[in-house]
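Colleague: would you be able to build a 3D model of this:
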Amino acid sequence: MYRISILALLIAAGCATPTYQPVTSFAIEPKIDVPQATPTGDTLGVRPLEYGRPYRQPIAYRDKGLILGSFDKYHWAELPRDTGTRALVDAITATRRFQDVGHAALMSRPNLLLTGQLRKFDLDKTGDPWKAQVEISLSLRPALESNVVWSGVLDGTAPLATNDIAALPEAMSQAVANIATQAATAIAAAQLPPQK
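Modeller: Sure, this is the predicted structure:
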């Protein structure tokens, strides 16, 4: 009887142990190609994008019926905020409009400040084909003033080659590149205030 009880406990403990779910991490590699602009002596500090709770490492998806979910076993290799911020810095730097572009906290008094919010970083499964969708809002202003030089809400999308999660990294890389290009082009064309 004693042996049967121990055996029953061991079996029950084995059944109660959660099974390991391997996680696949996807990297994003946007290819930035922006036109060059007329250089200025201005410096631009970029703050990391703010983001909502769904946009952490697990991949978020949208489905019909206004469903916003996330995958348990598919994650981004890094926070979408970090990917988006870096793509913006790279694209704005590539325009050659500013003397220096970098993380605002690491710069000594930049002339201008770029802030923003990551609003979407999703696999959109509501249509056919599925698409990668990125949406950000951005504001450019003088660092020591509250007036806005330029602001906008930008949307970057790219269709997946197939309706399969494995096709998402390439499409999301294109969507991030699209939105970074839009932002950099608009910011490079903005009428900048005179330096003080």
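Colleague: poorly predicted segments of the protein, please.
Modeller: Applying pLDDT under 70 to the chain flags residues 1-18, 196.
Colleague: and the helices in it?
Modeller: Using DSSP state H, the helices of the chain run over 2-16, 80-95, 168-189.
Colleague: helices or strands next to the last one in the packing?
Modeller: Spelled out, that is helix 168-189. strand 24-26, helix 80-95, strand 112-124, strand 131-142, strand 150-159 (3 or more C-beta pairs under 8 Å, 6 or more residues apart in numbering; DSSP states H and E). Just so you know, the C-beta spots here come from the backbone N, C-alpha and C atoms, and that holds for glycine as well.
Colleague: out of these, nearest to Pro48?
Modeller: Closest approach to Pro48 among these (C-beta to C-beta): helix 80-95, 4.9 Å.
Colleague: can you list the neighbours in contact with the closest one?
Modeller: Identification of contacts with helix 80-95 by C-beta atoms under 8 Å, 6 or more residues apart in numbering yields 28, 30, 32-37, 44, 46, 48-51, 55-56, 76, 98, 101-103, 114, 116, 118, 121, 134, 136, 138, 176-177, 179-181, 183-185, 187-188.
Colleague: give the contact list for Gln21.
Modeller: When contacts are counted by C-beta under 8 Å, 6+ apart, Gln21 touches 72-73.
Colleague: so how far is Leu68 from it?
Modeller: Gln21 is 21 Å from Leu68, where distance means C-beta to C-beta, to the nearest Å.
Colleague: likewise Gly52?
Modeller: Relative to Leu68, Gly52 is positioned 10 Å away (criterion: C-beta to C-beta).
Colleague: so which of the helices of the chain comes closest to Gln195?
Modeller: Comparison of those against Gln195 by C-beta to C-beta identifies helix 168-189 as nearest, at 16.5 Å.
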